[in-house]
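Novice: quick check, what structure comes out for this input:
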Amino acid sequence: MSSIKQKRLEGIIRKDISDIVQFEVKDADVGFVTITDVEVSNDHSYAKVYVSFLGKDARAQAGLKALNRAKGFIRSALSQRLSIRRTPELTFVLDTTEEHGRHIDEIIASLHEEETEIEEPEETPEIEEQEADA
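Specialist: Sure, this is the predicted structure:
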């Protein structure tokens with residue numbers, strides 16, 4: 001379980017890495033990237049950085065490779081901004097929670113469609129006869 005101090009550090013690292021990638025990294029392959037989350041180990045020596053990209057899967061893979069190439073630069077720029085003893089080693093991971101959530105939404109929508117198809121009652125001849133008499 002993460003402490004408040006560790007959660008605060010994760011938020012600071014997320015914001016700083018986002019700023020570094022947006023304003024200082026010159027690699028065009030990075031493209032439109034969003035830093036969605038950061039998980040720091042208990043001893044602050046490793047940080048797993050979750051990223052998502054705008055575009056198709058091939059675009060995301062190219063952006064992830066570009067971030068891994070710039071990992072050393074990002075870590076050194078981060079060390080200048082942080083006031084902690086050890087700057088964590090960065091690992092960039094593609095965040096798939098949005099795709100997973102979209103898949104779950106599609107499943108739920110298809111279940112609701114099946115449910116409404118089952119619940120629709122068919123009109124019976126008795127109702128048609130009553131409507132004709134009125």
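Novice: ok, which stretches of the chain are strands?
Specialist: Listed in chain order, the strands of the chain (DSSP state E) span residues 33-40, 46-53, 89-94.
Novice: what's the closest of those to residue 111?
Specialist: strand 46-53 (26.8 Å; C-beta to C-beta). Bear in mind the C-beta positions are built from the backbone N, C-alpha and C, glycine included.
Novice: CA atoms only: put the closest one into PDB for me.
Specialist: This file holds the C-alpha atoms of strand 46-53, laid out as PDB (Å, rounded to 0.1, in the frame of the first residue of the first chain):
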ATOM      1  CA  TYR A  46      12.200   2.300 -10.100                       C
ATOM      2  CA  ALA A  47       9.200   4.100 -11.700                       C
ATOM      3  CA  LYS A  48       6.800   2.500 -14.100                       C
ATOM      4  CA  VAL A  49       5.400   5.200 -16.300                       C
ATOM      5  CA  TYR A  50       2.100   4.400 -18.100                       C
ATOM      6  CA  VAL A  51       1.600   6.200 -21.400                       C
ATOM      7  CA  SER A  52      -1.100   6.400 -24.000                       C
ATOM      8  CA  PHE A  53      -0.900   7.700 -27.600                       C
END
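Novice: what residue ranges in the chain are flagged as low confidence?
Specialist: 1-2, 119-134 (pLDDT under 70).
Novice: and if we set it to 80?
Specialist: 1-2, 55, 99, 114-134 (pLDDT under 80).
Novice: got the residue ranges for the helices in it?
Specialist: 4-23, 57-69, 71-81, 97-119, 125-133 (DSSP state H).
Novice: now distance to residue 32 too, for those, in JSON lines please.
Specialist: JSON lines is the format used below for the helices of the chain (distance: least, C-beta to C-beta, whole Å):
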{"stretch": "helix 4-23", "distance to residue 32": "10"}
{"stretch": "helix 57-69", "distance to residue 32": "8"}
{"stretch": "helix 71-81", "distance to residue 32": "17"}
{"stretch": "helix 97-119", "distance to residue 32": "14"}
{"stretch": "helix 125-133", "distance to residue 32": "57"}
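Novice: nearest to residue 43, of the ones you listed?
Specialist: helix 4-23 (10.4 Å).
Novice: could I get the buried residue list for that closest one?
Specialist: Burial within helix 4-23, assessed by neighbour count using 16 or more other C-beta atoms under 10 Å, is assigned to 9, 10, 12, 13, 14, 16, 17, 18, 20, 21.
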